[in-house]
Each structure stands twice: as structure tokens, then as C-alpha cells.
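**Student:** please work out how this folds:
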Amino acid sequence: MKDFRKITVTKGEKSLEVHNPTTYSLIGMGTQGAVFKLAKDKCVKIYSDPVQAKIEGKALKAGQHLAFMPAVYDIGSNYIVMEYFNAPTLEVYLSNCTYMPTSIVRKILYILKQLKQEKLAMIDVPLHNIFVLGDEELKVIGHVNSVKSKSLIPIKLLGDLKKILLKDSFLAQVKKLEPNTFNEWDKYLNRKSFDFRNIPVLHGGKGNGVKIDSAITQTLIGKGHQGAVYRVSEDQCVKIYGKTEHADQEKNVLLSSQHLPFIPKVFETGPNYILMEYLSGPNLNTFLKKQSVLSEDITRRLIYILKKMKKSGFKQIDAPLRHIIITSNGFKLVDHVYSFLREQKKPLELFENLEERNFLASFLEQVKAIDPGMYAKWKKK
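**Tutor:** Alright, predicted model coming up:
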């Protein structure tokens with residue numbers, strides 16, 4: 001059965017590319033990996049990104065005591081062997097229903113509550129990630145973003161139910177079964193649209209973070225010296241700046257670099273704000289805190305980003321670990337206010353961050369082996 005390791009899954013321009021020299025059938029493919037059936041009760045998910053495999057593996061191992069989690073049999077650097085379900089997804093199961101079965105509503109609420117209590121934080125489960133077994137037992141897959149997600153309500157779940165005309169029926173039963181949960185969701189769903197175009201953010205002065213209005217109830221993702229970032233929707237956030245010059249500087253970098261895969265997508269810009277994609281996932285610093293070794297895959301990704309930055313005209317060649325977000329689409333680098341302005345040829349903050357994690361020596365050794373030219377330039381005084 002171990003010959004499934006001969007299968008390779010890589011990122012293509014538009015979708016994943018699979019090379020399968022085995023007889024195992026491809027039964028599913030998403031943004032992170034491809035799934036192959038190994039036996040009547042086992043399958044393997046092979047990832048294009050080993051980091052994603054590690055994140056989902058951690059979430060699945062942490063949740064093995066939960067009845068709705070698939071059993072895990074083996075975890076490798078880029079794969080997870082887990083329980084296979086020969087059953088319809090909840091999306092298919094409900095497709096011909098005219099109302100939401102109460103039994104299913106109870107089980108969904110139980111799953112969401114358990115995920116929250118276990119601090120897996122994925123308070124959202126799309127219908128296609130839920131399988132319906134005999135006696136309406138539910139099993140949940142797709143846990144890449146479970147360890148760190150900021151979903152306050154199950155937006156994807158509700159969106160899927162809306163498409164099959166069951167959202168209202170579902171919410172009506174949630175209101176009866178768990179009034180507090182319904183009120184929390186209803187408050188979020190019916191609040192007024194966040195008018196970020198008129199939100200004041202004030203510069204805090206030299207060495208201080210920006211000042212924001214504490215009365216704003218919108219989810220604050222974070223704030224720093226240049227601006228504050230608020231969650232706008234499931235897939236969008238807005239960075240509002242204390243100084244318009246900082247907005248112009250970062251706008252220039254982001255808009256001219258949209259072709260680079262590690263640059264966040266921009267949707268709209270204004271005098272003091274940038275509306276961009278919300279990046280779901282842990283930052284690289286948080287991820288590395290829990291690792292005992294630095295993988296060569298991470299080093300290669302960092303080298304790629306640094307080389308692309310230089311080739312694309314960036315003057316500040318650096319990639320602080322806290323500014324790298326691990327997403328389902330690879331590494332994304334944020335905070336580019338000074339990228340085109342400050343002359344910096346060596347990634348000094350990256351070196352400092354890796355030294356704090358005790359990974360600098362291994363990083364430099366790997367760079368020396370992978371890209372001797374880059375290593376030699378860094379060693380020059």
C-alpha cells in the first residue's frame with residue numbers, strides 16, 4: 001500500500017497537477033491536495049504543500065477523540081492516510097429536501113460547539129466537507145484552517161444552505177433549539193455594512209502604534225505603526241492608514257506586484273485605505289514556534305520570495321516571519337509600506353527572527369546548498 005508515495009501533487013498555473021503511476025483511484029481534489037482511495041475504508045490525501053499537510057495533520061490528531069472526526073492511520077511529510085467514507089456529502093443528502101431535518105440541525109450545532117470548545121476554531125463547515133453515514137451520523141473533513149481561523153459564524157455553511165433554499169429553515173430551527181446562538185449569528189448577519197471608507201485611524205507618533213476608535217465593533221485583526229486592519233467579510237479585510245503617504249506607498253507596491261503569487265490580492269483602494277484579500281492561516285513565526293527542525297521546503301519558499309522581490313524591483317529585501325501567512329495558496333507576504341523605498345540587500349529581520357527560533361544556522365546551511373550564489377552575497381561584508 002505504501003506505493004501511493006509515488007504519486008506527486010504539485011501546484012499548476014490554475015489547478016493542481018497530479019502524476020499517478022499507481023492503480024489508486026483519484027476520488028477528490030481541492031485547493032490543498034488530491035485524495036486517492038487505498039481500500040474500502042481508507043484513503044490518502046496528498047498535499048502540494050508539506051506545510052499544509054503538517055497543519056491539517058495536527059488538527060486531525062488533536063481531534064481524534066471527537067466522534068465526527070475521520071480516523072487517522074498514518075501521517076507523512078506530504079500525506080495523511082485516513083478513514084474513507086463511502087457516503088454522500090451533506091450537500092447531496094439535502095439537495096432534494098424542502099425543509100431542514102431537525103436531527104441534522106442538532107448534529108451540526110453539536111459539531112460547531114465541539115469545534116469551538118476544543119479550540120480548533122473552525123466555526124464553519126461547508127456542506128461538501130460533511131459526510132452523512134448510516135443513521136445520519138456526520139463526519140467532517142477539511143481541517144487545514146482549523147487550528148487558526150477567525151470565523152465568528154458559519155458563513156460558508158449558511159451560504160451553502162442558501163443555495164439549496166434551506167438557510168431560512170435551518171435558522172428557524174436554530175432559533176428554537178439554541179436561542180443564544182441564533183441571536184449571536186443574527187446580530188452578525190444583520191449588522192449594518194462596515195463603512196470603512198469613513199473610519200478615522202490616527203497616526204500615533206514616532207515609535208507608537210496608530211490610534212483607533214474603540215467604539216468600532218468590527219473585528220480588528222491587528223494594528224501597527226502604519227495602520228489598522230479590520231475584517232470586512234469572509235474573504236476580505238481592509239487596512240486603514242494613519243498617514244495617507246503610507247497608504248500611497250503600500251498601494252504602489254501591492255498594485256504593481258499583483259502578478260507575484262505571494263502578494264495579497266487588492267480589490268479597492270482609497271486615499272487612506274486598501275481593501276484586500278483576507279488571509280486565513282497562521283503566520284510563519286507562530287508555526288515555527290511548534291517545530292523542532294526547519295524543513296527544506298520552507299527554506300526554498302523563503303528563497304523564492306526573496307529572489308522574486310529583488311527581481312521585481314523591491315529595495316527592501318526582507319521577509320519577517322510574522323509577515324508571512326501560511327494559506328491554502330502558499331505563503332503570502334504582508335506589510336509593504338517601505339518595500340520600494342528603503343535600501344536593504346540582506347534579509348536582516350528574517351535572520352533575527354530565525355535566530356530567535358534557533359533556526360538561523362540550519363537555514364543558512366540549506367541556503368548554501370540550494371543557492372550558493374545567494375549565500376555568498378549574504379556573507380560579503
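**Student:** please save the CA atoms from the helix or strand encompassing Glu91 in PDB.
**Tutor:** Here Glu91 sits within helix 90-93, counting by DSSP states H and E. Extracted in PDB, the C-alpha atoms of helix 90-93 (Å, rounded to 0.1, in the frame of the first residue of the first chain):
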ATOM      1  CA  LEU A  90     -24.500  16.700   3.300                       C
ATOM      2  CA  GLU A  91     -24.800  18.900   0.200                       C
ATOM      3  CA  VAL A  92     -26.000  15.900  -1.800                       C
ATOM      4  CA  TYR A  93     -28.000  14.500   1.100                       C
END
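**Student:** which neighbouring elements make contact with it?
**Tutor:** strand 130-132 (3 or more CB pairs under 8 Å, 6 or more residues apart in numbering; DSSP states H and E). (Glycine included, C-beta is placed from N, CA and C.)
**Student:** hmm, who's touching the strand it packs on?
**Tutor:** 85, 87-91, 93, 108, 111, 138-141 (CB atoms under 8 Å, 6 or more residues apart in numbering).
**Student:** still on that earlier bit, immediately after the helix holding Glu91, which helix or strand?
**Tutor:** Using DSSP H and E, the helix or strand that follows helix 90-93 in sequence is helix 102-117.
**Student:** who does that next one touch, helix- and strand-wise?
**Tutor:** strand 138-140, helix 167-177.
**Student:** most tightly surrounded among these?
**Tutor:** strand 138-140 (a mean of 20; mean count of other CB atoms under 10 Å).
**Student:** give the pairing partners of that strand; include direction for each.
**Tutor:** strand 130-132 (antiparallel) (DSSP bridges).
**Student:** distance to Ala361 and mean pLDDT for the helices and strands packed on helix 102-117 - can I get that in a markdown table?
**Tutor:** Formatted as a markdown table, the helices and strands packed on helix 102-117 follow (distance: least, CB to CB, whole Å; pLDDT from 0 to 100):
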| stretch | distance to Ala361 | mean pLDDT |
| --- | --- | --- |
| strand 138-140 | 41 | 95 |
| helix 167-177 | 53 | 92 |
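**Student:** out of those, flag the one nearest Ser295.
**Tutor:** Among the helices and strands packed on helix 102-117, the nearest to Ser295 by CB to CB is strand 138-140 (27.7 Å).
**Student:** can I assume Arg342 is in contact with Phe314?
**Tutor:** No: the criterion here is CB atoms under 8 Å, and Arg342 misses it with Phe314 at 9.7 Å.
**Student:** when the two are compared, which one has more neighbours?
**Tutor:** Remark: of Arg342 and Phe314, Phe314 carries more neighbours, 22 against 12, as counted by other CB atoms under 10 Å.
**Student:** from Lys310, how far out is Ile370?
**Tutor:** 16 Å (CB to CB, to the nearest Å).
**Student:** neighbours around Ser15, how many?
**Tutor:** Ser15: 10 surrounding residues under other CB under 10 Å.
**Student:** what's the distance between it and Ile75?
**Tutor:** Distance, Ser15 to Ile75, by CB to CB: 25 Å.
**Student:** could you do Gly227 as well?
**Tutor:** 39 Å.
**Student:** and for Ile263?
**Tutor:** Look at Ile263 and Ile75: by CB to CB, they are 31 Å apart.
**Student:** tell me which of the two has more neighbours.
**Tutor:** Neighbour count, other CB under 10 Å: between Ile263 and Ile75, Ile263 has more, with 24 against 17.
**Student:** that one - nearest residue in space that isn't next to it in sequence?
**Tutor:** Leaving aside its chain neighbours, Ile263 sits nearest to Ser257 (4.6 Å; criterion: CB to CB, 6 or more residues apart in numbering).
**Student:** phi, psi for that neighbour please.
**Tutor:** Main-chain dihedrals, Ser257, degrees, to the nearest 10: phi -120, psi 20.
**Student:** got a list of what it touches?
**Tutor:** By CB under 8 Å, 6+ apart, the neighbours of Ser257 are Ile263, Ser312, His336.
**Student:** number of nearby residues for the closest residue to Lys11 other than its chain neighbours?
**Tutor:** Ranked by CB to CB, 6+ apart and with sequence neighbours excluded, the top spatial neighbour of Lys11 is Ser48, at 5.0 Å. Neighbourhood size, Ser48 [other CB under 10 Å]: 21.
**Student:** from what I see, Ser48 and Gly12 are in contact.
**Tutor:** No: applying CB under 8 Å, one finds Ser48 not in contact with Gly12, separated by 9.1 Å.
**Student:** residue ranges with poor pLDDT in the protein?
**Tutor:** Applying pLDDT under 70 to the chain picks out residues 1, 119-123, 145-152, 190-193, 215, 217, 381.
**Student:** tell me the domain ranges of it?
**Tutor:** Domain assignment of the chain by automatic domain parsing yields the ranges 2-83, 90-189, 196-277, 284-379.
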